[in-house]
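J.: Provided below for reference: sequence and predicted model.
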Amino acid sequence: MAAEKTTGIVLRVIPFSETSCIVTMFTRDFGKVTTMAKGARRPKSPFEAALDVLALCRIVFLNKNSDAMGLLTEAKLERRFRSATRSLDRLYAGYYIVELLNSMTDDGDPHPELFELSTQVIRQIDSSEISDKEVGLALLNYELKMLSILGHLPMLTKCVSCGREKTTIARVSFGLNAGGILCGACRGGESNIVSLSPEGLQFLLKIVGGQIGEQSRNSDNWNGQYQEQLNINENVNLSKELVGEDSFSGAEAESQASERTEVLEEDTTGKEADRSSKEVRRLIHKYITHLLGFQPKLYKFLRNL
Ligand SMILES: [Zn+2]
């Protein structure tokens, strides 16, 4: 039984006995880890106040080799999540990150990049680094980067099924099962399709290409292939004569396919960017729900963001 040192984000704390807790953390070096924290509920706990949800802690734990639960022996608080007392929306945003980490990652499967990304976005949400209005976009950025790190980033630049390049500015079909956009020919046999507007797709490509959100501030182009496609797409936008000449065109949707196609409701009052942002967030929420097989509980609390 080895004593391991790492840093972790507290995801869940469950009282176990009068004095102990079961603590789940997403750690930098070991991924998701669940340990017993003996004495954590005593007035003078050896863990002090480190074991709060969303807190960042340096920990030492005894890692048992079998399926047995590890034993937490030290937890020192590095940073507490303070928004709980300031903004309910930011608290929900933080809880949503916890829910995603809990449901999208496996025990003992480390993703150091996801750990760094998570601590970064939690810090942003918990500070005045970003305004209230930017919290929703920060979450969308986080969702997409998380999908990328975990190998689930949808294909957005060509048909995920046959590889055909997208060359029009028409609406596209996004296949939740297929994991990306589908051309007219491939859409026929697919179920679970969501229709995405050209503005929505462009917005999505800009985020993934690092042109919208936190990445643009850091000039951190986190996905070069999308950057390239974005430039192509912007050129295509100017070539109106291409509209409708490609099997990606939404105009020639077969009646069968359109029955299966769910058009996301669109808000016609807001600005275009706002509308695209909302459309894309709804799409990504549907995609994550599809990947997980259930809808994250926190979705309904994120409506104000
Ligand atoms: Zn295709």
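T.: Okay, I see it.
J.: only C-alpha atoms for contact and neighbour calcs from this point on.
T.: Noted.
J.: tell me which other helices or strands the longest strand along the chain touches.
T.: For the chain, the strand reaching the highest residue count under DSSP state E is reported as strand 2-15. The contact analysis (3 or more C-alpha pairs under 8 Å, 6 or more residues apart in numbering; DSSP states H and E) places strand 2-15 against strand 21-27, strand 56-63, helix 88-104.
J.: Leu196: neighbour count?
T.: When counting by other C-alpha atoms under 10 Å, one arrives at 23 neighbours for Leu196.
J.: re the thing from before, tabulate the helices and strands packed on strand 2-15 in CSV, adding columns for distance to Gly136.
T.: Output for the helices and strands packed on strand 2-15, formatted as CSV (distance: least, C-alpha to C-alpha, whole Å):
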stretch, distance to Gly136
strand 21-27, 22
strand 56-63, 22
helix 88-104, 8
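J.: want to throw those into JSON lines with mean pLDDT, distance to the ion and mean neighbour count?
T.: Formatted as JSON lines, the helices and strands packed on strand 2-15 follow (pLDDT from 0 to 100; distance: least, C-alpha to the ion, whole Å; neighbours: other C-alpha atoms under 10 Å):
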{"stretch": "strand 21-27", "mean pLDDT": "97", "distance to the ion": "38", "mean neighbour count": "25"}
{"stretch": "strand 56-63", "mean pLDDT": "94", "distance to the ion": "45", "mean neighbour count": "21"}
{"stretch": "helix 88-104", "mean pLDDT": "96", "distance to the ion": "28", "mean neighbour count": "19"}
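J.: quick one: closest of those to Lys76.
T.: Counting by C-alpha to C-alpha, Lys76 lies closest to strand 56-63 out of the helices and strands packed on strand 2-15; the figure is 5.1 Å.
J.: hmm, who's touching the closest one?
T.: Surrounding strand 56-63, the residues in contact under the criterion C-alpha atoms under 8 Å, 6 or more residues apart in numbering are 1-10, 35, 50-51, 69-80, 119.
J.: again, 10 Å this time
T.: Contact with strand 56-63 is made by 1-11, 25-27, 30, 33-37, 47, 50-51, 69-81, 119, 122-123, as judged by C-alpha atoms under 10 Å, 6 or more residues apart in numbering.
J.: surely Ser128 is within a helix?
T.: No. The assignment for Ser128 is coil, going by DSSP: H, G, I helix; E, B strand; the rest coil, so no helix is present there.
J.: separation between it and Ser83?
T.: Separation of Ser128 from Ser83 (C-alpha to C-alpha, to the nearest Å): 10 Å.
J.: okay, buried residues for the longest strand of the chain please.
T.: Judged by neighbour count using 16 or more other C-alpha atoms under 10 Å, the buried positions of strand 2-15 are 5, 7-13.
J.: dump those into CSV; add distance to Leu139 and pLDDT as well.
T.: Formatted as CSV, the entries for the buried residues of strand 2-15 read as follows, by distance: C-alpha to C-alpha, whole Å; pLDDT from 0 to 100:
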residue, distance to Leu139, pLDDT
Lys5, 29, 96
Thr7, 22, 98
Gly8, 20, 98
Ile9, 17, 98
Val10, 19, 97
Leu11, 17, 98
Arg12, 20, 97
Val13, 23, 96
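J.: now tabulate those residues in TSV and tack on distance to Arg90.
T.: Listed next are the buried residues of strand 2-15 as TSV, based on distance: C-alpha to C-alpha, whole Å:
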residue	distance to Arg90
Lys5	30
Thr7	23
Gly8	20
Ile9	17
Val10	17
Leu11	16
Arg12	18
Val13	20
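J.: which SSE is the residue in the stretch 1-150 of the chain positioned nearest to the ion in?
T.: Using C-alpha to the ion, Ser148 is the residue of the stretch 1-150 of the chain that sits closest to the ion, at 22.0 Å. Ser148 is part of helix 135-149, with elements assigned from DSSP states H and E.
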